[in-house]
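1. Provided below for reference: sequence and predicted model.
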Protein chains: 2
Amino acid sequence: MRVLVLGGDGYLGWPTAMSLSAHGHEVAVADNYLRRQIVTESGSDSLTPILNLPQRAKVWKAVSGRTIDVHLIDLCDYDLVSRVFREFQPEAVVHYGQIPSAPYSMKDRRHAVLTQMNNIENNLNVIFAIVENSPDCHLVKLGTMGEYGCPNIDIEEGFLEIEHKGRTDTLPFPKMPHSWYHASKVADSTNIHFASRVYGLRATDLNQGVVYGVSTDETLLDDGLLTRFDYDEQFGTALNRFCLQAVVGHPLTVYGTGGQTRGFLNIRDTLACVELALLNPADAGEMRVYNQFTESFSIRELAVEVQQAGKELGLEVEIREIENPRSEAQDHYYNPTHTKLLDLGLQPTLLSEDLVTATLSTLMTYRDRAIHDAIAPRTTWR
Amino acid sequence: MRVLVLGGDGYLGWPTAMSLSAHGHEVAVADNYLRRQIVTESGSDSLTPILNLPQRAKVWKAVSGRTIDVHLIDLCDYDLVSRVFREFQPEAVVHYGQIPSAPYSMKDRRHAVLTQMNNIENNLNVIFAIVENSPDCHLVKLGTMGEYGCPNIDIEEGFLEIEHKGRTDTLPFPKMPHSWYHASKVADSTNIHFASRVYGLRATDLNQGVVYGVSTDETLLDDGLLTRFDYDEQFGTALNRFCLQAVVGHPLTVYGTGGQTRGFLNIRDTLACVELALLNPADAGEMRVYNQFTESFSIRELAVEVQQAGKELGLEVEIREIENPRSEAQDHYYNPTHTKLLDLGLQPTLLSEDLVTATLSTLMTYRDRAIHDAIAPRTTWR
């Protein structure tokens, strides 16, 4: 299958591109290094040393014998996006190419506007590039579980059958996003759903949980194939941050009491889920929504898990409750459904002490690269 | 009350500004004439001859003795928006200042992107201008009934109590917008709701139906106070378009069988609803949603109403069913709740043959200004 991976330079985009290439798909990637740029501006950097995209593709070619086409373009530039679609004629697009940080979007007005404008515009461009150039192409879009917020009812996969005053309809699940960033993904979902109804777009919206881990089958083949690993307050996410904090001797920064519960998945499962969606495409005119995570944990549970795994490696790990910089409930109901990807055959890589220990070991290789000033949270929601 | 009216040059913005000024409020308006510009670019024009904003404010001063401050600024320019907030210190903002056309947004990618980028960015700017300069200021935002689409259940006012698997929560009503334009308003609602939860914003989201009519108490005082009247395929809406078509001898363009049902209200009721919302502000941290319309009609019913009123004036009015350029159901359930504004004291001006006859008479004064080429629909949804 010809697959175009947008945001193919990212934490998930690059491993996805390699994995699909390894499995025999014809893969092209597009990216403009915006993520690298804003992480640098924020005073942080990937813990892992990463090559640029053409270099990565060259190493991949040397290691695997397979080609990944590289397009260094801004997805907000429609002429360029459209040209890639015309030339590559993708059968599917995996769209990771967005600013992915809740804290970044909450810094101030400028960051809120940049996040929403960039994400919403480039998603519209992708929709129109498909409709105008490759109408049968399947859009696999990365959304987030954070679109839903924490309602007091079970979260279904995108849609909910509602009975109201004696009548019934199946409607989009109500959304209460956690940040300006999450709200940008809600807008994308609304737009993709509209395009499926009006233009017959085939689309899968993957509402992903928090991804953790640093290694996939392909990143392990050569140091030149490493994916980025963020641990700073803006682009690092809970479990990855705790792992980095453990290896550099920083207290694990639990926000409040750590009672916040979220869905998590291993980076290997992201790759598996995306490929399952590609191999089982949505129908024309259908927008499917999959809740893409494998397990739910409270933040405190994760901190304890990292502390215990650290002990195995002789690390003394302190857990520190700090004032929560976010506006979020610390104790809340959370029971999202996530059966559709399992039904397609997903075999989850569940969190285990061995897995955390392996991650800690990998991070220890690079711990001298950590920028300590970037670790503590500074961005507050209010 | 100090009220800032954004989009104060528009069909509703200008009459709202005058009405609030007449009722003793201190009023400032902001606009950048974007509406005038894109209507001109589309090959159309307001049927009524309208002055520019400083001229209008001058006539209003002469007629009423009252001052309306005019700010000619782009709401996407945050520095200017913020300065107006700092200097005027509004107690309430009425936000009409957006691109308001579904067909315009459906023309092509460029128009979809322009509509969403302009509307979403300027709404974020308004939210931040309030939060950073006048945190107690009440945002009264114009949304649209088209955000909901046509679900098969009763539409509630913004929120819905949902019982699901034995648990209950009150959540945002699910949205299935009719166009890229309507989707921009859905994004605005999501953002305003988020700002109410996180920053304590007080907000009222008025999900307005289709407005009709050309006169208010204030526009009738002097020809220099007329409001704009659009009848073209992009910026004219159903009943207003039919009235213009009747007076120029154009067949009434009913899309399909005309079975589409929508909520409608008189322009005078828009002014009354907005003032009711202002006089009864939302609490800090509350986003209220009011469904702002007074009656539901099918498009065919409206055409027949105009045909009959035309007969009184000696006009021969033909009703013509044309292929529907939109993607929409022609026969569907439609029963939105709209009690909250009535509870606040709204006395609706209901549609009557007299009212249509009066509108037709006013339009006949200006019918030589009609641009016939702008009337027939050209923009299709697919």
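-> That came through, no problem. The structure presented is a predicted model; accordingly, all values stated were derived computationally and were not measured.

2. roughly how far apart are the residue nearest to A:S64 when sequence neighbours are not counted and A:L206?
-> Of all residues not flanking A:S64 in the chain, A:A22 sits nearest, at 6.3 Å (Cβ to Cβ, 6 or more residues apart in numbering or on different chains). Any C-beta I mention is one placed from the backbone N, CA and C, and that applies to glycine too. Applying Cβ to Cβ, to the nearest Å, the value for A:A22 to A:L206 is 20 Å.

3. more neighbours, those two?
-> Neighbours per residue (other Cβ atoms under 10 Å in any protein chain shown) separate A:A22 from A:L206, with A:L206 holding more: 24 against 18.

4. Leaving out the residues flanking it, which one is nearest to the more buried one?
-> Spatial nearest neighbour of A:L206, chain neighbours left out: A:Q292 (4.5 Å); criterion: Cβ to Cβ, 6+ apart.

5. So what does the one you found have for phi and psi?
-> Per-residue torsions, A:Q292: phi -100, psi 80 (degrees, to the nearest 10).

6. That one - how many residues pack around it?
-> A:Q292 has 30 nearby residues by other Cβ under 10 Å.

7. before we move on, back to that, wouldn't the residue nearest to A:S64 be in contact with A:G65 here?
-> No. Under the criterion of Cβ atoms under 8 Å, A:A22 is not in contact with A:G65, lying 10.4 Å apart.

8. picking that back up, so what's the residue nearest to A:S64 up against?
-> A:S64, A:R66, A:D217, A:E218 (Cβ atoms under 8 Å, 6 or more residues apart in numbering or on different chains).

9. Swap in 10 Å and give it another go.
-> Applying Cβ atoms under 10 Å, 6 or more residues apart in numbering or on different chains to A:A22 gives the contacts A:W60, A:V63, A:S64, A:R66, A:T216, A:D217, A:E218, A:L221, A:L271.

10. And these, which of them are buried?
-> A:W60, A:S64, A:R66, A:T216, A:E218, A:L271 (16 or more other Cβ atoms under 10 Å in any protein chain shown).

11. hmm, back to that, beta partners for the residue nearest to A:L206?
-> Per DSSP bridges, the residues bridged to A:Q292 are A:Q208.

12. need the helices for chain A, in chain order.
-> Ranges of helices in chain A, per DSSP state H, are A:13-22, A:34-41, A:53-64, A:78-88, A:102-106, A:109-133, A:180-199, A:238-248, A:267-279, A:299-312, A:340-343, A:353-365.

13. How about the one residue in the stretch 201-350 of chain A that gets nearest to chain B, nearest residue that isn't a chain neighbour?
-> Here the residue of the stretch 201-350 of chain A nearest chain B is A:S327; by Cβ to the nearest Cβ that distance is 4.7 Å. If the residues on either side of it in the chain are set aside, A:S327 comes closest to A:W381, at 4.2 Å by Cβ to Cβ, 6+ apart.

14. Can you give me the distance of the one you found to A:H182?
-> Applying Cβ to Cβ to A:W381 and A:H182 gives a distance of 12 Å.

15. And those two? Which one has more around it.
-> Using other Cβ under 10 Å as the criterion, A:W381 and A:H182 rank with A:H182 on top: 23 against 16.

16. surely the more buried one meets A:M176?
-> Yes. Using Cβ atoms under 10 Å, A:H182 is in contact with A:M176, at 9.1 Å.

17. Need the overlap of contacts for those two.
-> A:G146, A:E147, A:Y148, A:G149, B:T190, B:F194.

18. Looking at these, which one is closest to B:L225?
-> For the shared contacts of A:H182 and A:M176, the minimum distance to B:L225 (Cβ to Cβ) is 36.5 Å, reached by B:T190.

19. Run a quick neighbour tally on the closest one.
-> By other Cβ under 10 Å, neighbour count at B:T190 equals 23.

20. Quick one: residues contacting it.
-> Per Cβ under 10 Å, 6+ apart, neighbours of B:T190: A:147, A:175-177, A:182-184, A:186-187, A:190, B:120, B:172, B:175.

21. Could you do A:L220 as well?
-> A:L220 touches A:V214, A:L226, A:T362, counting by Cβ under 10 Å, 6+ apart.

22. swap the cut-off to 8 Å and go again
-> A:L220 neighbours (Cβ under 8 Å, 6+ apart): none.

23. Also A:H71?
-> So A:H71 contacts A:A28, A:V29, A:A30, A:D31, A:L80, A:V84 (Cβ under 8 Å, 6+ apart).

24. For the fifth one, list the residues it contacts.
-> Listed by Cβ under 8 Å, 6+ apart, the contact set of A:L80 reads A:H71, A:I73, A:D74.

25. confidence score at A:E147?
-> As predicted, A:E147 sits at a pLDDT of 98.

26. circling back to that earlier point, may I have the phi/psi pair for the residue nearest to A:S327?
-> According to degrees, to the nearest 10, A:W381 has phi -80, psi -30.

27. Hmm, A:Y231 is touching A:R369, no?
-> No. The pair A:Y231 and A:R369 fails to qualify as a contact (Cβ under 8 Å) at a distance of 10.2 Å.

28. Please identify the residue most distant from the middle of chain A.
-> The C-alpha centroid of chain A is most remote from A:G166, which lies 39.5 Å away (Cα atoms, centre = their mean).

29. Quick check: the gap between the residue nearest to A:I371 when sequence neighbours are not counted and B:R56.
-> Leaving aside its sequence neighbours, A:I371 sits nearest to A:S44 (Cβ to Cβ, 6+ apart; 5.6 Å). Going from A:S44 to B:R56 by Cβ to Cβ gives 52 Å.

30. Name the residue in those two with the higher neighbour count.
-> More neighbours surround B:R56 than the other of A:S44 and B:R56, with 24 against 21 (other Cβ under 10 Å).

31. residues in contact with the residue nearest to A:L206?
-> A:M145, A:L206, A:N207, A:Q208, A:G209, A:L265, A:D269, A:T270, A:C273, A:H338, A:L341.

32. check contacts around the residue nearest to A:A370 when sequence neighbours are not counted.
-> Spatially, and ignoring its direct neighbours in sequence, A:A370 is nearest to A:V248 (4.9 Å; Cβ to Cβ, 6+ apart). By Cβ under 8 Å, 6+ apart, A:V248 lies in contact with A:R367, A:A370, A:H372, A:I375.

33. For the second one, what are phi and psi?
-> The main-chain torsion angles of A:A370 are listed as degrees, to the nearest 10 and equal phi -60, psi 140.

34. any weak-confidence spans in the stretch 201-350 of chain A?
-> Scanning the stretch 201-350 of chain A for pLDDT under 70 picks out no residues.

35. need the residues of it near chain B, please.
-> Within the stretch 201-350 of chain A, the residues that sit near chain B (Cβ under 8 Å from any Cβ of the partner chain) are A:S327, A:Y333.

36. let's go with 10 Å and repeat that
-> A:R326, A:S327, A:E328, A:Y333, A:N335, A:T337 (Cβ under 10 Å from any Cβ of the partner chain).

37. now the contacts of A:L80 in JSON lines, with distance to B:L346 and pLDDT?
-> What follows is the contacts of A:L80, written out as JSON lines (distance: Cβ to Cβ, whole Å; pLDDT from 0 to 100):
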{"residue": "A:H71", "distance to B:L346": "56", "pLDDT": "98"}
{"residue": "A:I73", "distance to B:L346": "52", "pLDDT": "98"}
{"residue": "A:D74", "distance to B:L346": "48", "pLDDT": "98"}
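
38. Closest to A:V140 out of those residues?
-> Among the contacts of A:L80, and counting by Cβ to Cβ, the member closest to A:V140 is A:H71, at 17.8 Å.

39. for the closest one, which residues make a bridge with it?
-> Here A:H71, judged by DSSP bridges, has bridge partners A:A30.

40. so which of the contacts of A:V248 comes closest to chain B?
-> Distances from chain B to those, taken by Cβ to the nearest Cβ, are shortest for A:I375, at 24.2 Å.

41. A:S189 reaches A:T204, doesn't it?
-> No. Judged on Cβ under 10 Å, A:S189 makes no contact with A:T204 at a distance of 11.4 Å.

42. which ones are touching the residue nearest to A:A92 when sequence neighbours are not counted?
-> Distances taken as Cβ to Cβ, 6+ apart put A:H138 closest to A:A92, at 4.3 Å, once the chain neighbours are dropped. Going by Cβ under 10 Å, 6+ apart, A:H138 touches A:1, A:3, A:90-94, A:130, A:201-204, A:277-278, A:280-284, A:286.
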